[in-house]
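Student: turn this into a structure:
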Amino acid sequence: MPIIAPIPRGERRLMQKAIHKTRDKNHARRLTAMLMLHRGERVSDVART
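Tutor: Numbers count the residues shown, from 1 in each chain. Predicted coordinates:
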């Protein structure tokens, strides 16, 4: 069972672009964590990255 609500494909693409374009690494890490949780990865695995 996913830990977060489903994220539409278009929004996921925008998040990926933002990860690559932002200079704020904390923001990029948060977006990456959201995408990892959306893919179904375990919270403990996401926390390690």
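Student: going forward, measure contacts and count neighbours with C-alpha atoms only.
Tutor: Fine.
Student: which residues of this protein score low on pLDDT?
Tutor: 1-3 (pLDDT under 70).
Student: which residue ranges of it form helices?
Tutor: Counting by DSSP state H, the chain has helices at residues 9-21, 25-38, 43-48.
Student: can you redo the ones you listed as TSV with mean neighbour count?
Tutor: Below are those laid out as TSV (neighbours: other Cα atoms under 10 Å):
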stretch	mean neighbour count
helix 9-21	13
helix 25-38	16
helix 43-48	10
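Student: ok now do residue 5, which residues does it touch?
Tutor: residue 38 (Cα atoms under 8 Å, 6 or more residues apart in numbering).
Student: same question, residue 16
Tutor: Counting by Cα under 8 Å, 6+ apart, residue 16 touches 31, 32.
Student: residues touching the closest residue to residue 19 other than its chain neighbours, list them.
Tutor: In space, and not counting its chain neighbours, residue 19 is closest to residue 28: 4.7 Å by Cα to Cα, 6 or more residues apart in numbering. Residues in contact with residue 28, defined by Cα under 8 Å, 6+ apart, are 18, 19, 20, 22.
Student: nearest to residue 41, out of these: which one, please.
Tutor: Residue 41 has its nearest neighbour among those in residue 19, at 18.4 Å by Cα to Cα.
Student: can you tell me how far the closest one sits from residue 48?
Tutor: 18 Å (Cα to Cα, to the nearest Å).
Student: do residue 24 as well
Tutor: In terms of Cα to Cα, residue 24 sits 20 Å off from residue 48.
Student: what's the answer for residue 31, then?
Tutor: Applying Cα to Cα, the value for residue 31 to residue 48 is 15 Å.
Student: next: residue 34.
Tutor: For residue 34, the distance to residue 48 - Cα to Cα - is 14 Å.
Student: likewise for residue 35?
Tutor: 15 Å.
Student: for residue 16, same thing?
Tutor: 20 Å.
Student: and residue 30, by the same measure?
Tutor: To residue 48, residue 30 is 13 Å away according to Cα to Cα.
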